[in-house]
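Colleague: okay, here's the prediction I keep looking at, along with the sequence it came from:
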Amino acid sequence: MIEVEVKAKINSFEDIKKELSKLPAEKTKTEYQKDIYFNSPIVDFAETDEALRIRKTKSETEDHIFITYKGPKIDSKSKTREEVEMAIEDEEKAKKIFQHIGFKEVRTVIKNREYYKYKNFEISLDDVEGLDPYMEIEVALDDGTDYSEAQKSIFKLFEKLNITDRFERTSYLELLENKK
């Protein structure tokens with residue numbers, strides 16, 4: 001799957017929620033996310049622009065655990081990249097497997113995320129521990145699909161929401177690491 005994603009720093013969640021209601025975008029869920037990031041014993045993911053994480057989620061109705069690999073970004077305007085994700089049963093066992101084969105735990109990123117749906121867009125408002133408020137707009141495409149039109153439509157939606165700057169290609173992990 002190709003994840004076409006653009007992230008922007010926002011001033012306030014309340015202002016954006018008002019704009020989302022005008023679209024109208026529908027709130028689909030609120031979720032707590034705990035992401036544990038790992039680095040490879042073979043290559044430095046910070047240098048190759050890749051990511052490997054275990055994500056534990058909790059919402060009003062369900063809990064999930066996933067392993068996610070994110071490939072390097074494939075353009076200079078967005079966070080578009082390949083994403084491979086699978087559900088797992090046990091966070092601690094997965095961590096232990098990674099550690100036994102040489103992967104090192106880098107950092108845990110904690111966030112509360114509100115999801116909204118508008119047409120084919122998934123919009124999230126992200127309250128990340130240690131960072132200012134952010135919003136992401138994403139479209140998921142099949143591998144090999146041209147992503148340029150999806151990317152343009154995401155930027156047009158940001159414009160509709162009165163966001164024309166403050167875009168961020170850096171991951172939350174990198175933003176937190178840069179604050180050290």
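Modeller: Received it, and whenever you're ready, just let me know what you need. From a predicted model like this one, the values you see are computed outputs, not experimental measurements.

Colleague: ok, Pro41 touching Gln99?
Modeller: No: in this structure Pro41 lies outside contact range of Gln99 using C-beta atoms under 8 Å: 10.3 Å. The way it works is simple: take the backbone N, C-alpha and C, and place the C-beta from them, glycine included.

Colleague: any idea which helix is longest in the protein?
Modeller: For the chain, the longest helix by residue count, based on DSSP state H, is helix 148-160.

Colleague: which elements pack onto the helix or strand just after it?
Modeller: Next in sequence after helix 148-160, counting helices and strands by DSSP states H and E, comes strand 167-168. Contacts defined by 3 or more C-beta pairs under 8 Å, 6 or more residues apart in numbering; DSSP states H and E place strand 167-168 against strand 2-9.

Colleague: tell me the first helix or strand C-terminal of the strand it packs on.
Modeller: Once the chain leaves strand 2-9, the next helix or strand it forms, by DSSP H and E, is helix 13-22.

Colleague: what's whatever helix or strand comes next after that following helix in contact with?
Modeller: Next helix or strand after helix 13-22 toward the C-terminus (DSSP H and E): strand 26-39. Applying C-beta atoms under 8 Å, 6 or more residues apart in numbering, the contact partners of strand 26-39 are 20, 45-46, 51-61, 91, 95, 98, 103-118, 172-173.

Colleague: can you say which of the residues you listed are buried?
Modeller: Among those, those classed as buried by 16 or more other C-beta atoms under 10 Å are 20, 45, 51-57, 91, 98, 103, 106-107, 109, 111, 113-116, 118, 172-173.

Colleague: for Pro41, see how far away the residue located most distally from the centre of the chain is.
Modeller: Going by C-alpha atoms, centre = their mean, the residue of the chain most distant from its centre is His100, 26.9 Å out. His100 is 11 Å from Pro41, where distance means C-beta to C-beta, to the nearest Å.

Colleague: how about Asn162?
Modeller: Asn162 is 45 Å from Pro41, by C-beta to C-beta.

Colleague: just Glu136 next, same as before
Modeller: 30 Å.
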